[in-house]
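S.K.: what shape does this take:
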Amino acid sequence: MHPPSVIPMSRNLRHASRGMALLMALGIIAFISAAVVVSLRKVAAESALQAQERRNREAHFAAEAGLAEARETVRLLLGGNRSFGPVFLALGNAYNSTGLNGYVQGEAGLPSTAAVPWYEVIPWTPYSLAAASSGAAIDSDVASANQELTGPDGVRIFDYPTQERLFYRVFLVDDNESDGNRSADINNRVWLVAVGEVRGRDNTQPQRVIIRALITSGLGAGGSCSPEDANGSANNGEC
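M.R.: Numbers count the residues shown, from 1 in each chain. Prediction:
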């Protein structure tokens, strides 16, 4: 019968210390990995928020541009008249040649009905801004290459703020008057509603901004209350 083998105590201690060191190393690696994952997620979330904020500003800028263009379009259609009735008629004919019945219909999310018709002033219009690879100017009247991409110090601007998949659309809506007929203007006042939109890639959710302005026709230049406004110069938001 052989005597039992005896393992030296020092050898057991060495194995135990190595196992503890391995566990500590694995724990540190796991902690660092988790910290890296959390950091990456935070960076990705911050990047997404910044991108969304930029798209929101682009959409708002496009809506403002559409609103300015629509004001001029409506001014030309007024042709010296005070009432916006002829403008409704002209916009309806331009949309589908049906006069006052030519308001926008059948579009999901748009509250345009026979009771409250929304007339399209400007259809979806692209508002892209991108630098051509050939250095051609965005303004077609500028012949010099890269002229718009050069700063006042003569240095080329490489981080050009491009605008892609950017559009705007504008509607004209009569305000809520006492006559109850939203296709007949009796107080020379209407709403312009502008929509700015940045469309996402691969049919992702777009970023959209809607702004509106209450405009009043007048015999002279703007900047004051209209003659029929009972508030006069004490403008409280009604003119």
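S.K.: hey, which helix or strand in this structure has the poorest pLDDT?
M.R.: helix 9-78 (a mean of 82; mean pLDDT, DSSP states H and E).
S.K.: quick one: distance of it to the chain centre.
M.R.: The chain centroid and the centroid of helix 9-78 are separated by 22 Å under CA atoms, centre = their mean, to the nearest Å.
S.K.: elements contacting that helix?
M.R.: The contact analysis (3 or more CB pairs under 8 Å, 6 or more residues apart in numbering; DSSP states H and E) places helix 9-78 against helix 85-96, strand 119-126, strand 166-174, strand 189-198, strand 207-216. C-beta coordinates here come from the backbone N, C-alpha and C atoms, glycine included.
S.K.: which helices and strands does the shortest one pack with?
M.R.: When you say that, I think you mean strand 119-126. Contact partners of strand 119-126 among helices and strands, from 3+ CB pairs under 8 Å, 6+ apart: helix 9-78, helix 85-96, strand 166-174.
S.K.: buried stuff in stretch 111-127?
M.R.: Neighbour-count burial for stretch 111-127, counted by 16 or more other CB atoms under 10 Å, picks out 112, 117-122, 127.
S.K.: hmm, I typed the wrong one, I wanted stretch 42-52.
M.R.: By neighbour count, and taking 16+ other CB under 10 Å as the criterion, stretch 42-52 has no buried residues at all.
S.K.: and if you look at stretch 92-109?
M.R.: Using 16+ other CB under 10 Å as the test for burial, stretch 92-109 gives 92, 95, 100, 102-104.
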